[in-house]
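> Have a look; sequence and predicted model below, questions after that.
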Amino acid sequence: MLQSHTDNRRTIGSYWEASVPEPRLDRQLIGNALFDVAVVGAGYAGLSAALKLAQAGVSVCVLEVEHVGYGASGRNGGFCCLGGTKLNERQLIRAFGLEEARKFVAFQVAGVNLVAHRLDSWGVDADRHSKGEVFLAHRPKDTAGLQSEGAFLKETFGIKTRYLSKDDLDAEGHGGPGFHGGLHVPYGFALNPMAYVQALAEQVRTAGGKIFGKSPVTALSQDGDRWRLETGYGLVRAKKVVLAGNGYAREDVPKWLHGRTLPVMSSIQVTRPLSEDELSAQGWTSDTMSADTRILLHYFRLLPDRRFLFGTRGGIFENEPSLAAMRKRARSDFENMFPAWAHVEAEFSWYGHVCLARRLTPFVGEVPGMAGVYAAMGWHGSGIAMASISGEKIAGLITGKLRREDLPAPLQRPFARFPLPGLRKLYLQGAYWWYGIKDR
């Protein structure tokens, strides 16, 4: 049942906000506090680190700028899938070697399994569905690439993909004039991301971790043998710090972050519930989560209540004219891809930040030159599984149960700074223009 939110939290108008019971609000940090570890950001990575630390008997707090679920962990499309990098498997092999690429793929699978285990063991009703993910060729010429990719993944990584012809797609409920073939990858599932992140936060509280809402960290500095984290109404002194703000991180806290990540926007629309006749008219009846083969991809899925979720990449500037243009472009794409639903209104529309890194891989480890400060960020739009397991690994590094070299090599590499970081969004705009041409 959709809920009405009436408290003073900042809302974004998402379907996820309306689909869960009123979540608990954590109190603001007021005054001074002492903890072993302070985590910045109450998303999947930060809460996962805090949970593992609290379970190990470490005193830990999480400092969140708004409330649990306000950032990407409560805004995303709910695809718990492989990913976390914009490098494909062939590029990973070239950059890190076959063995490390295999470790990284296995790490992604372990992340998906971790989230599934959590939902099962905690008894969370997160509207889980979809066995794996389907990638859809948006041009006839892309079908050969999908077939080649499927064979490569089977041979090199043991991933049992399945190629779907146009007839297969139509027969299995993936109908649309712009879908010419598909590749089914058997790992992953769809879920309500807000239900998951709220359950994760509750586990942190139960384990003894403290979560402070409305407590943005405005400064980070050394204070003797501890780190000092200042907020609007208080401060925390901690031996260790975890940076887990991802696309919502402040670039000056610490200054090392400046120019090393690039937050871009992803927008989502959710329709009203569709009738069986409307679903049949379009030929889309599958609940398998899907994405197309564009660089500026679209991602979409049929929700359990028969609403349709449709997401797009491509927004850069966060002002109202740009946001309105992004919404209009997304609606146009939706109507072109699903013409039988051109009359179907979107009841919910929102956007969030995707965190990109220059080298297109996440970073999970200790920040160079800042002993005791760790980062777990840069999920490139696929953070549910990757952030969850990476948060646990950060906790392992902090407690000494894990060594840096135990992580796959793509995660060990610290973020590089973008050239001319002040111009990042301008040259990204040029890249998006070029990607749009290549996607045609």
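Yep, it's here.
> Distance check, A395 against E230.
24 Å (C-beta to C-beta, to the nearest Å). All C-beta spots, glycine's among them, are computed from the backbone N, C-alpha and C.
> more crowded one of these two?
A395 (28 against 15; other C-beta atoms under 10 Å).
> What does that one show for phi and psi?
A395 has phi and psi values of phi -60, psi -40 when expressed as degrees, to the nearest 10.
> Would you confirm that it contacts K52?
Yes: the pair A395 and K52 passes the contact test of C-beta atoms under 8 Å, sitting 3.5 Å apart.
> show me the contacts for the closest residue to L63 other than its chain neighbours.
Excluding the flanking residues, the one nearest L63 by C-beta to C-beta, 6 or more residues apart in numbering is S215, at 4.8 Å. Contact analysis of S215 by C-beta atoms under 8 Å, 6 or more residues apart in numbering lists Q28, L29, L63, E64, V65, T231, G232, Y233, G234.
> If we only consider those residues, which is nearest to L47?
Proximity of those to L47 (C-beta to C-beta) peaks at E64, which lies at 9.4 Å.
> so where's the stretch 1-150 of the chain uncertain?
Applying pLDDT under 70 to the stretch 1-150 of the chain flags the ranges 1-8.
> rerun that using 80 as the cut-off
Applying pLDDT under 80 to the stretch 1-150 of the chain flags residues 1-9, 23.
> How are the strands of it distributed by residue range?
Secondary structure of the stretch 1-150 of the chain by DSSP state E, counting those that start in this stretch: the strands cover 31-40, 60-63, 79-80, 133-136.
> quick one: which of these is nearest R358?
Taking the strands of the stretch 1-150 of the chain one by one with C-beta to C-beta, strand 31-40 is closest: 21.4 Å.
> what's that closest one packed up against?
helix 44-55, strand 60-63, strand 226-230, strand 234-243 (3 or more C-beta pairs under 8 Å, 6 or more residues apart in numbering; DSSP states H and E).
> Give me the contact list for the first one.
Contacts of helix 44-55 with the rest of the structure, by C-beta under 8 Å, 6+ apart, involve 36-37, 39-40, 60-62, 64, 68, 73, 196-197, 200-201, 203-204, 207-209, 211, 242, 244-246, 376-377, 383-384, 387-392, 394-396, 398-399.
> can you give me the angle the helix or strand where K393 lies makes with strand 234-243?
Assigned by DSSP states H and E, K393 belongs to helix 383-399. Angle of helix 383-399 versus strand 234-243, following axes from the mean of the first three to the mean of the last three C-alpha atoms, to 10 degrees, is 100 degrees.
> quick one: contacts of the helix or strand just after helix 383-399?
Downstream of helix 383-399, the first helix or strand assigned by DSSP H and E is helix 409-412. Residues outside helix 409-412 that contact it (C-beta under 8 Å, 6+ apart) are 85, 87, 92, 95-97, 100-101, 103-104, 107, 361-365, 390, 393, 404-405.
> so who does the residue most central in space within the chain touch?
For the chain, the residue nearest the mean C-alpha position is G383 (3.0 Å; C-alpha atoms, centre = their mean). When contacts are counted by C-beta under 8 Å, 6+ apart, G383 is found next to G43, Y44, A45, A72, S73, N76, G84, N246, C355.
> So which residues of this protein form helices?
15-19, 44-55, 89-96, 98-122, 142-157, 166-171, 193-206, 276-282, 320-337, 383-399, 409-412, 424-439 (DSSP state H).
> Out of these, which is the most enclosed?
helix 44-55 (a mean of 28; mean count of other C-beta atoms under 10 Å).
> what's the offset of that helix from the middle of its chain?
Average the C-alpha atoms of helix 44-55, do the same for its chain, and the two points are 17 Å apart (C-alpha atoms, centre = their mean, to the nearest Å).
> Okay, angle between it and helix 193-206 too, please.
20 degrees.
> Please write out the alpha-carbon positions of helix 44-55 in PDB.
Listed in PDB are the C-alpha atoms of helix 44-55, where the atom choice follows Å, rounded to 0.1, in the frame of the first residue of the first chain:
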ATOM      1  CA  TYR A  44      24.500   0.200   1.200                       C
ATOM      2  CA  ALA A  45      28.300   0.600   1.600                       C
ATOM      3  CA  GLY A  46      28.400   2.600   4.700                       C
ATOM      4  CA  LEU A  47      25.700   0.600   6.500                       C
ATOM      5  CA  SER A  48      27.300  -2.700   5.500                       C
ATOM      6  CA  ALA A  49      30.600  -1.600   6.900                       C
ATOM      7  CA  ALA A  50      28.900  -0.400  10.100                       C
ATOM      8  CA  LEU A  51      27.000  -3.600  10.500                       C
ATOM      9  CA  LYS A  52      30.100  -5.800  10.200                       C
ATOM     10  CA  LEU A  53      32.000  -3.600  12.600                       C
ATOM     11  CA  ALA A  54      29.200  -3.400  15.200                       C
ATOM     12  CA  GLN A  55      28.900  -7.200  15.000                       C
END
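> quick check: angle from that helix to helix 98-122?
Using the same axes, to 10 degrees: helix 44-55 against helix 98-122 is 70 degrees.
> nearest residue to H298 other than its sequence neighbours?
Among residues not flanking H298 along the chain, D292 sits closest, at 5.1 Å (C-beta to C-beta, 6+ apart).
> State the pLDDT value of that neighbour.
Here the pLDDT value assigned to D292 is 94.
> Can you report how many residues neighbour the nearest residue to I12 once chain neighbours are set aside?
In this structure, I12 finds its nearest non-sequential neighbour in W350, 4.7 Å apart by C-beta to C-beta, 6+ apart. By other C-beta under 10 Å, 19 other residues sit near W350.
> looking at it, W350 is touching G77, isn't it?
No: using C-beta under 8 Å, W350 makes no contact with G77, being 10.8 Å away.
> which residues do the two both contact?
I268.
> Can you give me the neighbour number for the closest residue to S73 other than its chain neighbours?
The shortest distance from S73 to any non-neighbouring residue, by C-beta to C-beta, 6+ apart, is to G43 (3.8 Å). Neighbour count of G43, defined by other C-beta under 10 Å: 36.
> Contacts only, for G43.
G71, A72, S73, V197, A244, G245, N246, Y248, G383, A387.
> Name the nearest residue to the first one, ignoring sequence neighbours.
I take that to be G71. Y248 (4.4 Å).
> Quick check: the gap between the nearest residue to L82 once chain neighbours are set aside and L229.
Leaving out its chain neighbours, the residue that sits closest to L82 by C-beta to C-beta, 6+ apart is Q108, at 4.4 Å. Per C-beta to C-beta, Q108 is found 31 Å from L229.
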